[in-house]
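Undergrad: Pasting a predicted model and its sequence here:
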Amino acid sequence: MVQTILRCALFAALVACGSGPEPEAFQAELTEPWAAWGLPVASGRVQFSDDAMLTVTLPPGSDIAAVKAQWSKALTARGFEAKDDTSAGDMVSVTFRNGGESVALGIVAMGDALSLSLTRYAE
């Protein structure tokens, strides 16, 4: 269910982007718990952050496989274990679990840039 919601949200973001003038870049503040997790956000721009969801836009030329590996490594360092990986092509969808907590990692290619989201939820 979470994967379906994540895919729908990513699809909506892609459809909403359309063409037209390039919007001004927005940078949100990285909030807890994400700030304490040692996530590799430095190469990207935080678009949204609260206690349940983090969205980061990664720069043009970012390699989706390398980004998946970096973020997976950061999550496993926090004790999470990858359980469900339904990644395909230019879309990453991996669920990580640690006890009763899960984190869904989603990455989608948007032109030559990447959009990444993490969503926390309790089992």
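TA: Nice, thanks for sending it over. Residues are numbered from 1 along each chain as shown.
Undergrad: Do a quick rundown of the helices in the chain.
TA: Listed in chain order, the helices of the chain (DSSP state H) span 2-17, 64-77.
Undergrad: Lowest average pLDDT across these?
TA: Confidence, taken as mean pLDDT, is least for helix 2-17 of these (a mean of 52).
Undergrad: pLDDT below threshold where in this structure?
TA: Along the chain, segments meeting pLDDT under 70 span 1-25.
Undergrad: any chance you could map the strands in it?
TA: With strands called from DSSP state E, the chain shows them at 45-49, 53-58, 81-85, 91-98, 101-110, 113-122.
Undergrad: Indicate which one of those is closest to Trp71.
TA: strand 101-110 (5.8 Å; Cβ to Cβ). C-beta: built from backbone N, CA, C; applies to glycine.
Undergrad: Now Gln27. Nearest residue, chain neighbours left out?
TA: Nearest residue to Gln27, sequence neighbours excluded (Cβ to Cβ, 6 or more residues apart in numbering): Arg45, at 5.5 Å.
Undergrad: ok now do that neighbour, which residues does it touch?
TA: By Cβ atoms under 8 Å, 6 or more residues apart in numbering, Arg45 lies in contact with 25-27, 56-57.
Undergrad: Asp84: which of those residues is nearest?
TA: Distances from Asp84 to those, taken as Cβ to Cβ, are shortest for Val56 (21.2 Å).
Undergrad: who are the neighbours in contact with the closest residue to that closest one other than its chain neighbours?
TA: Nearest residue to Val56, sequence neighbours excluded (Cβ to Cβ, 6+ apart): Gly44, at 4.2 Å. Contacts of Gly44 were listed using Cβ under 8 Å, 6+ apart, and they are 56-59, 62, 116.
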